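> just the structure for this:
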Amino acid sequence: MNKDIICQKTAGDIDLLQRKVARLKRLAAKYKRSEIIQHALLGISNIATKAASLDDFYAGVHQHLQKLVPADNFFIASLNPKTGLISLPFFADEKDPHPCELYPDEEISAILKRGITGYVLRQGEPLLCDNAGFDHLIEMGEIQGMGSPCHQWLGVPIKNNGLVHGVLVVQSYNELITYGDLELELMGFISHHISGVMERLLHHEQLEQAIQERTKELSQAYNSLKLEVTERVKAEKLQKSLFEIADLSASNVPHQDFYTRIHQIISQLLPAKNCFISLVDDNMLSFPFYVSQMDSKYPSKRPMQDGLTEYILQVKKPCLFTATDIRLMIEQGVIYAKSPELNRTHYMQQWIGIPLRIHGKVVGALTIYSLDSDQTYQTKDVELLTFVSQHIANAMERKQAVESLKHSYELLEEKVQQRTKALAKVNTDLQVEINQRRKMEAQLLHDAQHDGLTGLPNRSYLIERLSQAIKHIRRHNKEQFALLFIDLDRFKAINDTFGHLEGDRFLIETAHRLKSCIRDNDTLARMGGDEFVVLLDSIHGSQDAIEVSERILHQISQPYLLAKQKFISGASIGIVFSNNNALDTTESLLRDADRAMYQAKSNGKGCYVIFDSQLSQQNEQQNDLIEQFKAAIEQGQITVEYSPVYDIDQKNIIAIEPQTRWTHNVHGIKNHHQLCQLAFNSQLAVILDDYIFQKLNQDYAALKAQYGEKTELHMVISSQHVKHKYAIRGLKNTLKSSAINLTKLTIFFDEKSFVKNTENHINAFEIIHQLGVNIGIDNYGTGYSSLSSLSFLPITMLKLAPEISKHLINMQQLKLVKAYQLAASALNIKIIATAIDTQQQVHQFKQLGYRLGQGRALALAEPCKLIS
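Sure thing, here's the model as predicted:
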């Protein structure tokens, strides 16, 4: 029993001892593996310290990793956190080539992303996977199958600060080689250890690359700066040379020194020990400058031949020739074929010829050449010399121009001396001519501002003088001036009775009388016809103007001796005073004086009227009347009646004339003459004529029925119809569109208007006459038209002025009226007497031979009325 107990105890101890031994073996193996891992990590650290690049580091990691786990199939994938691209900095595989070779049409990053490597990078967790795991991930759509199938695949993410930067991968194609938790832990430990090393080496590599790039950039910048400094030095030297050439062209250096200085400037830019300048003129070649190491003698002037210089002048472009080029040209007969004696190129190594151009024409050449093989020219030297040659040519041109100008000045100086003597005599004659012209200009200025008949200032002069007076009063408001508008009475009677010559004498005498009534500082002007204006300057009050006006009225009322007969005239004067009104103008003052003058004429003539506010009020009333008159025309309120024209002997009506009448609630009845005057003053004459013609056109059928178709129509119209072509065209269209028999219509124009604007009336007469309308002259005897001037016009009828009927009181008037009748009869023109209001006038006109007339004394009844 004890023996059994002892045996059992011994067996238990052995079993325990065996377990301890096994445990010690495991610990020894673990410690051994830890030692191997520690040595491997130390090796990896040493590689990180010694590796010159990441490639060396990755190769060392692979080498030490194989000591820990089977790693024949090993690769490292690296993720760039900035770009998101995946790369394979290290790859080793027994079966498959590098993915770039396996999939050549795709980028390595795209290949790895859709494989199991990309899956680990996305998940950020270690992965130990066999074939079943592969198939499951493919079915789940997480990865795509790529490359050869393997037995096991182990991938561990490389992290830094919690971010995945890459993957360590080992894989096994042999079923005997398997990976477990220990390899997974070991790979995880190594990946954690090398992530910092990889980042440090990557940063070091990037830093090295950056240093290399920066060093390269600095080197390039230094070379560029060095080249720029060199070019700037050349540019400054070139600019200095160009300035020297420009200064040289403006200097007064002698001809030979000029070219010598040009050579010195060229020598600053490039070697020019052998240099010459040639010029061509009229097919002759000359050499104004020549310097050579071969010969100091200047070449003589010669005709153009076939030398090397002539070749440059012919091709007209810069050339650089070597000794070989020159020999070849000689052998080909291009140069020196006709003149071999000119050939001195035997010792030349290089030869440059540059054409010199002035105004685009080649006038010569600049040539340099070298005799030493060590001294070589390049293309850039030709370009430099070509650029400089342009400035040299400009300098030569300016130099020639200066010399030519100097020569011209010398010739000019001689001519100036010759001409000075001639001009001295011419100046004397010219001075005489200038004095004569000044007198003529003064006379023309006087004539432009004075009346040719009386010698008095005219309207233009008065306007200027009046304008100065208004400006003076505005500056000196205590001073005053007066304006007298004078209209002579019976001036027309003088022309009619005594003739125009005596009328001119009457005006001249009147000018003398008026001048005797004013002071020297006053202005007397003739406005035209029988109208005069006096500007009384600096008066003390209204009494001064009244006294002058009374003197004028007294002087004008004295008898005139005309044609050896005494004639008594008179005057009407309108007076206006300056009142320092800012609105006063030359036109307004003349207008007010004219209104006052017309008021004086209305008051019975031979008196004066001072313009006041009442006259202004009358003017406002007149303006109001004009507006109402215009409205009456537009509204058809003007009545048209028909006044007959009689055969004085037979007492029968031979024509009718439309006349207007307007009944105004304030101004009363306005007759035809008053309405025509109102229309003329308000520029409504054409509108009133159109209104009358429309009424006549409407009443024409009834008038024919009442008076018969043979009865003629007379109508007096305003000369406003003939002022311009558009008015004439309107009158023509009105006549053509009417229903009136135009051959029975006679249109009358006022004689005064005809005399004032004869040309326009004659043009209108031709247009109207072509329509078949007859033409007559109204108010005949007031406008001084010559009967001879009417003889070549299509005038068929004359109508005497109403005033003539009222002045049949003396033999002279009767003779004049008889003369009108005889002249009209001789020209086969009908003449009508008007305003025959008494039986005595009927008898007088009969005695004078008149057969047609108008007036109350001839009326058989009241003026005929026709309601349309």
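> can you tell me the centre-most residue of this structure?
In the chain, the C-alpha closest to the average C-alpha coordinate belongs to residue 359, at a distance of 34.7 Å (CA atoms, centre = their mean).
> list the contacts for it?
Shown in contact with residue 359 (CB atoms under 8 Å, 6 or more residues apart in numbering): residue 397. (Each C-beta comes from the backbone N, C-alpha and C, glycine too.)
> and for residue 604?
Applying CB under 8 Å, 6+ apart, no residues qualify as near residue 604.
> part of a strand, is it?
No. Using DSSP: H, G, I helix; E, B strand; the rest coil, the secondary structure at residue 604 is coil, not a strand.
> that one and residue 102: what is the separation?
136 Å (CB to CB, to the nearest Å).
> ok, residue 588 next?
Residue 588 is 112 Å from residue 102, by CB to CB.
> try residue 256
In terms of CB to CB, residue 256 sits 86 Å off from residue 102.
> ditto for residue 584
112 Å.
> and the two? Which one has more around it.
Between residue 584 and residue 102, residue 584 has the larger neighbour count (other CB atoms under 10 Å), namely 17 against 13.
> return the residues in contact with the more buried one.
Residue 584 makes contacts with 470, 578, as judged by CB under 8 Å, 6+ apart.
> reduced to three states, what does residue 843 come out as?
Classification of residue 843 by three-state DSSP places it in helix.
> how near is it to residue 833?
12 Å.
> where does the stretch 1-150 of the chain dip in pLDDT?
1-9, 29-30, 32-33, 36-37, 40-41, 45, 48-53 (pLDDT under 70).
> quick one: the helices in it, in order.
Shown for the stretch 1-150 of the chain, the helices assigned by DSSP state H, counting those that start in this stretch span residues 2-50, 54-65, 99-102, 108-113, 116-123, 131-139.
> out of those helices, indicate the one that is most buried.
A comparison of those by mean neighbour count, using mean count of other CB atoms under 10 Å, puts helix 116-123 on top with a mean of 20.
> pull the CA atoms of that helix into PDB?
Output in PDB follows, covering the C-alpha atoms of helix 116-123 (Å, rounded to 0.1, in the frame of the first residue of the first chain):
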ATOM      1  CA  ILE A 116      -8.800  43.900 -51.200                       C
ATOM      2  CA  THR A 117      -6.000  46.400 -50.600                       C
ATOM      3  CA  GLY A 118      -8.400  49.300 -51.100                       C
ATOM      4  CA  TYR A 119     -10.900  47.500 -48.800                       C
ATOM      5  CA  VAL A 120      -8.300  47.500 -45.900                       C
ATOM      6  CA  LEU A 121      -7.500  51.200 -46.500                       C
ATOM      7  CA  ARG A 122     -11.200  52.100 -46.300                       C
ATOM      8  CA  GLN A 123     -11.900  49.900 -43.300                       C
END
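> the longest strand anywhere in the chain pairs with which strands?
Using DSSP state E, we find that the single longest strand of the chain is strand 653-664. Here strand 653-664 is paired, per DSSP bridges, with strand 639-647 (antiparallel), strand 668-670 (antiparallel), strand 712-716 (parallel).
> out of these, deepest packed?
strand 712-716 (a mean of 21).
> list of residues touching that one?
645, 654-658, 676, 689, 692-693, 696, 700, 703, 740, 744-750, 776, 778, 797, 799.
> using the three-state scheme, assign residue 793.
coil.
> that one reaches residue 765, doesn't it?
Yes. Between residue 793 and residue 765 there is a contact under CB atoms under 8 Å: 5.9 Å.
> the stretch 101-250 of the chain: strands as residue ranges?
127-130, 152-160, 163-172 (DSSP state E, counting those that start in this stretch).
> between those, which gets nearest to residue 78?
With CB to CB as the measure, strand 163-172 is the member of the strands of the stretch 101-250 of the chain nearest residue 78 (4.4 Å).
> what comes up buried for the closest one?
By 16 or more other CB atoms under 10 Å, the buried positions in strand 163-172 come out as 164-172.
> burial measure for residue 84, as a count.
Residues near residue 84, counting by other CB under 10 Å: 9.
> for it, which residues are in contact?
Neighbours of residue 84 in contact, by CB under 8 Å, 6+ apart: residue 109.
> how far away is it from residue 408?
Taking CB to CB, one finds residue 84 at 85 Å from residue 408.
> could you pull out the helices for the stretch 201-350 of the chain?
255-269, 308-315, 323-331.
> what ranges does the stretch 651-800 of the chain have for its helices?
Going by DSSP H, counting those that start in this stretch, the stretch 651-800 of the chain shows helices at 672-681, 685-707, 725-736, 751-756, 758-770, 787-790.
> so for residue 432, which of the ones you listed sits nearest?
helix 758-770 (42.7 Å).
> what packs against the closest one?
For helix 758-770, the elements it packs on are helix 725-736, strand 774-780, judged by 3 or more CB pairs under 8 Å, 6 or more residues apart in numbering; DSSP states H and E.
> what does it contact?
719, 721-724, 728, 731-732, 735, 747, 749, 753-754, 775, 789, 793-795.
> of these, grab the buried ones for PyMOL.
Applying 16+ other CB under 10 Å to the contacts of helix 758-770, the buried members can be selected in PyMOL as follows:
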select buried, resi 719+721+722+728+731+732+735+747+749+753+754+775+793+795
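> so what secondary structure elements neighbour the host helix or strand of residue 413?
Applying DSSP states H and E as the criterion places residue 413 in helix 379-449. Contact partners of helix 379-449 among helices and strands, from 3+ CB pairs under 8 Å, 6+ apart: helix 181-250, helix 255-269, strand 319-322, strand 350-358, strand 361-370, helix 459-475.
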